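S.K.: Need a 3D model of the following:
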Amino acid sequence: MIYNKSTVSSKHILQPLSTVSQIESYTEKVRRGQNPCGLPPCSCCHVTSDDFSRHEKRRRKFFVSVEQIVQVVIGLLCRWKCPGCGKTFTDYPEFALPYKRYTLPTIMSFTHRYVNDEPMTYRKLVKKEALGYESQGNGDINERQLVHTTIFRWITTMGSFPKIIRKGQDLINQANPASTICRDLAGLSVSIKKYLSTERKKLLRDCRQILYLEGIYQLTFKTSIFPKLATTCGFS
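M.R.: Numbering: from 1, shown residues only. Below is the predicted model:
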């Protein structure tokens, strides 16, 4: 299959400064107990999330890239408890991914550049989009660099949600029966230079598809796949 570039703009990727304000705003809501629960029913006993109770607040260190300088922003995430079985769940806001300190806009930005640029390599990308890091305390820039293997892991994460792709396609087709989303996604290929195994090829293709799908989903519903649809599909 011929490698083809995505025709969807990456403008849907959130801006870094808005991400900082989102973290601060969301953290304040969690602190005051004003954040609604956005979780699906309990995966163990199927109790609706409307009946969940607040369990605890967890501090999370977020890395936000602002003008190629990584700032550390401390935020709060809320864990909810199911009254039926006692299981607890973390509710992730639109800027966060499970187990990732970097915010979703940064992750999507780097993965988008990699999968949609045929000659791009991990090492070239981190060199071209070099990030500096603030030192904690005095705000000086330290000598840390974004490691190319971090991009590799981000793509592994973004390519691990095939259920989101299927559900997103279904919702877009329901909203617009004339949509070409299925054909568009099927036509997205991955350069043979970017993988050594069929497993990696699938992860790269799914990553590319979910990034494309995010753009169409936002155009269709004026909202992101993350976190609501992703959470419903078992994103955790």
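S.K.: Check the protein and tell me which residue is nearest its centre.
M.R.: What sits nearest the mean C-alpha location of the chain, by Cα atoms, centre = their mean, is Leu104, with 4.1 Å.
S.K.: Show the backbone phi and psi for that residue.
M.R.: Note on Leu104: backbone dihedrals following degrees, to the nearest 10 are phi -60, psi -40.
S.K.: for Phe63, same thing?
M.R.: phi -100, psi 120.
S.K.: what pLDDT does it get?
M.R.: Phe63 is assigned a predicted lDDT (pLDDT) of 94.
S.K.: List the contacts of it.
M.R.: The contact partners of Phe63, by Cβ atoms under 8 Å, 6 or more residues apart in numbering, come to Val70, Gln71, Val72, Val73, Arg101, Tyr102, Thr103, Thr106. C-beta: built from backbone N, CA, C; applies to glycine.
S.K.: Partner strands of the helix or strand containing the third one, with direction?
M.R.: It refers to Val72. If you go by DSSP states H and E, Val72 is part of strand 69-81. When sheet partners are counted by DSSP bridges, strand 69-81 sits next to strand 53-66 (antiparallel), strand 88-91 (antiparallel), strand 132-134 (parallel).
S.K.: wait, which of those strands is closest to Gly215?
M.R.: Distance to Gly215, taken as Cβ to Cβ, is lowest for strand 53-66 among the strands paired with strand 69-81, at 20.1 Å.
S.K.: quick one: the closest one to chain centroid distance?
M.R.: Centroid separation between strand 53-66 and its chain, computed with Cα atoms, centre = their mean, to the nearest Å, is 15 Å.
S.K.: what comes up buried for it?
M.R.: His55, Arg60, Phe62, Phe63, Val64, Ser65 (16 or more other Cβ atoms under 10 Å).
S.K.: Tell me which two in the contacts of Phe63 are the farthest apart.
M.R.: Farthest pair in those (Cβ to Cβ) is Val72 and Thr106. Separation: 12.8 Å.
S.K.: quick one: which of those two has more around it?
M.R.: The neighbour comparison of Val72 against Thr106 (other Cβ atoms under 10 Å) goes to Thr106, with 25 against 13.
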